[in-house]
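Peer 1: here is a sequence with its predicted model. Questions after.
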Amino acid sequence: MNGIIAKSWEAFGEAVIRDPTGLHARPAVKLTRRAKSHHAEIEVRAGSAGTWINAKSPNAVMKLKAGNGERLYFRALGEDAAVAIAAMVALVEQDFDG
Amino acid sequence: MNDCVSIVIVSHSPEVARGAADMVREMVGTEVRVAHCGGNPAGGLGTDVGAILRAIESVYGPKGVAMLIDLGGAETNSEMAIEMLPEEMRKNVVICNAPIVEGAVMAATEAAGGASLQAVRATAEEFLS
C-alpha cells in the first residue's frame, strides 16, 4: 500500500432517494449542510459501485447526480460518527424534509 | 449570525441580483447574511459603486464578505467599492471568480458551516472545475 494506511471507517449507513427528480440542487445543499453540522469525516456515494466523495463538499455532492430510487451509502469517521450517520440516513429517508 | 462569511451579489440587473439572493435564502437558509444590488442610479441596467459599498457594509462581519458579480463593469465598480472601505475591512472582502448564481449558492453553503473566507471563495471557484 506504499505506506498509506487505509482509514478505518467507524460507522456506515444507507438510504434510498425518494424525490422523483433525484438528488437535485436543493437536497444536495441540505445534505452538505447536515454533514457539516457534525465533526466526523463523512463520505457518501451513489450506488454500491459509486466513488466515495466528501459529503461536506457542496460541489462534490452536487455532482453526484443521484437519481430517484438510487441508494446513497454513507460512511463516517470521528467522535460523532454514529450520530452523523443516523442524521444523514434520516435526512434521506425523510425526503430531505428537515 | 456573525460567525459566518457574508455574501454580496452584484449584477447589472436588479432582478438577477434579487433572484440570486432569493435562491441563496431559500436553498441555504437565512443564517448566512446576503446582500444584493444591481442597476444604475437612473434605474437602468448597470452597477453603482455607492450601492455596492452599502451592500458590503450592510452584511460585513468579522469573518468577511465573499462577492459574486457578473460582467465587466460590475467587477471594476466592485473593486472601487472595496477600495473605498476602511483599510481594516478591505482584506476581508474578496471577489469570487465564479458564475454569479451557482457561485452564490455554493459560497453560502460553505459559509453556513462556519468556513473561512478562503474556503468559501475556493468552494465558489471550484464549481466550474
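Peer 2: Done, it's in. Numbers count the residues shown, from 1 in each chain, chains lettered A, B, ... in the order given.

Peer 1: dump the residue contacts of the residue in chain B that chain A sits nearest to.
Peer 2: Going by CB to the nearest CB, chain A is nearest to B:Gly113 of chain B, at 3.4 Å. The C-beta positions use only the backbone N, C-alpha and C, and glycine is treated the same way. Each residue near B:Gly113 by CB atoms under 8 Å, 6 or more residues apart in numbering or on different chains is listed here: A:32-33, A:36-37, A:56.

Peer 1: do you know how far A:Ala60 is from chain B?
Peer 2: 9 Å (CB to the nearest CB, to the nearest Å).

Peer 1: which SSE is that residue in?
Peer 2: Per DSSP states H and E: A:Ala60 is located in helix A:58-62.

Peer 1: contact partners of that helix?
Peer 2: Residues outside helix A:58-62 that contact it (CB under 8 Å, 6+ apart): A:23, A:25, A:28-29, A:31-32, A:44, A:53-55, B:105-106, B:109-110, B:123, B:126-127.

Peer 1: just the buried residues from those residues, in PyMOL please.
Peer 2: The PyMOL command for the buried members of those (criterion: 16 or more other CB atoms under 10 Å in any protein chain shown) is given here:
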select buried, (chain A and resi 23+28+29+31+32+44+53+55) or (chain B and resi 105+106+109+110+123+126+127)
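
Peer 1: just the ones of the contacts of helix A:58-62 in strands?
Peer 2: A:44, A:53-54 (DSSP state E).

Peer 1: return the member of these nearest to chain B.
Peer 2: Chain B lies nearest to A:Asn54 out of the ones in strands among the contacts of helix A:58-62, by CB to the nearest CB, at 11.2 Å.

Peer 1: can you get me a residue count around the residue nearest to the closest one when sequence neighbours are not counted?
Peer 2: Leaving aside its sequence neighbours, A:Asn54 sits nearest to A:Ala60 (CB to CB, 6 or more residues apart in numbering or on different chains; 5.5 Å). Around A:Ala60 there are 18 other residues, counting by other CB atoms under 10 Å in any protein chain shown.

Peer 1: near chain B at all, stretch A:63-83?
Peer 2: No. Against chain B, stretch A:63-83 shows no contacts by CB under 8 Å from any CB of the partner chain, the least distance being 9.6 Å.

Peer 1: how far is that stretch from where the chain is centred?
Peer 2: Offset of stretch A:63-83 from its chain centre (CA atoms, centre = their mean, to the nearest Å): 2 Å.

Peer 1: just the CA trace of that stretch, in PDB.
Peer 2: Provided in PDB are the C-alpha atoms of stretch A:63-83 (Å, rounded to 0.1, in the frame of the first residue of the first chain):
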ATOM      1  CA  LYS A  63     -22.000  16.400  -9.000                       C
ATOM      2  CA  LEU A  64     -23.300  13.000  -7.600                       C
ATOM      3  CA  LYS A  65     -26.400  13.400  -9.800                       C
ATOM      4  CA  ALA A  66     -28.100  10.500  -7.900                       C
ATOM      5  CA  GLY A  67     -31.500   9.700  -9.400                       C
ATOM      6  CA  ASN A  68     -34.800   8.700  -7.900                       C
ATOM      7  CA  GLY A  69     -34.700   5.200  -6.300                       C
ATOM      8  CA  GLU A  70     -30.900   5.200  -6.200                       C
ATOM      9  CA  ARG A  71     -29.300   4.200  -2.900                       C
ATOM     10  CA  LEU A  72     -26.900   6.600  -1.100                       C
ATOM     11  CA  TYR A  73     -24.200   5.000   1.000                       C
ATOM     12  CA  PHE A  74     -22.600   6.900   3.900                       C
ATOM     13  CA  ARG A  75     -19.500   6.200   6.000                       C
ATOM     14  CA  ALA A  76     -18.100   8.300   8.800                       C
ATOM     15  CA  LEU A  77     -15.000   8.600  11.000                       C
ATOM     16  CA  GLY A  78     -14.700  10.600  14.200                       C
ATOM     17  CA  GLU A  79     -16.100  11.100  17.600                       C
ATOM     18  CA  ASP A  80     -19.700  11.700  16.500                       C
ATOM     19  CA  ALA A  81     -19.600   9.200  13.600                       C
ATOM     20  CA  ALA A  82     -22.600   7.200  14.600                       C
ATOM     21  CA  VAL A  83     -24.700  10.200  15.300                       C
END
